[in-house]
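Visitor: Need coordinates for the following:
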Amino acid sequence: MVTTLEDLSDLRNTRFGQPYPRHGLSLLWWFADDCVDRISNRGRMMARYDPEDGYFGFHEFHNAEDLLPDTDLTYYEVGNLSNHHHHLGSLPHDVCKNYDSDVPDSNTDRIIVSIDSAQNGDIWFDEVYVTEHSDEDDFNEMCTYHISQDLIELIRDLEWRDFIRQVVIKPRRRRRR
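Guide: Predicted coordinates for the structure are as follows:
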């Protein structure tokens, strides 16, 4: 059972995309701001880009680990920085800037979406999930969350700096003696 995150405090409490140099929070803000074209009155999220086309490194996610609910819809994954220059369109600098191939944590976070195509050719994100790798090949089931449409809408209403300010947990400073 995947937990649904409804608001910014839910997201902050998961510690997804944290600490530095992880890129998950920047990836999620970019996704909400750039990949979601609009949210309909019925709460459906229209995609600006078709993940099937491979833009930004979107590629099919086969759910072989049964990480996500079984569905007839196709899942797509995005966020792998190690091959970000091999696909159509690049992830923005703010998402990639902390990537270091020698630091595995700088490339651990991913977004996985399911896609629902309408008869008129529109592409809709049916569900949105965030997750992280537990090792090079597998994802951490305990750190996989469903992102509600309400949370996507909240993120879309914020500037990047305001979003980061509200969700990043500041490290505690050591007291000087």
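
Visitor: Quick check on the spatially most central residue of the chain: phi, psi?
Guide: Of all residues in the chain, the one closest to the mean position by CA atoms, centre = their mean is I111, 3.2 Å from it. Backbone dihedrals for I111, given as degrees, to the nearest 10, come out at phi -110, psi 140.

Visitor: Tell me what it is bridged to.
Guide: Assessed by DSSP bridges, I111 has beta-bridge partners V78, V130.

Visitor: That one is in contact with Y75, isn't it?
Guide: No - with contact defined as CB atoms under 8 Å, I111 does not count as touching Y75 (10.6 Å). In this view, the C-beta of every residue, glycine as well, is placed from N, C-alpha and C.

Visitor: OK, contacts around H23?
Guide: H23 makes contacts with G17, G79, L81, V95, C96, N98, Y99, S106, N107, D109, as judged by CB atoms under 8 Å, 6 or more residues apart in numbering.

Visitor: if I look at the fourth one, how far off is N80?
Guide: Per CB to CB, to the nearest Å, V95 is found 11 Å from N80.

Visitor: For those two, indicate the residue with more neighbours.
Guide: Neighbours were counted for V95 and for N80 using other CB atoms under 10 Å; V95 has more, 25 against 17.

Visitor: the helices in the protein, which residues?
Guide: According to DSSP state H, the chain carries its helices in the segments 8-14, 24-30, 93-96, 149-156, 160-167.
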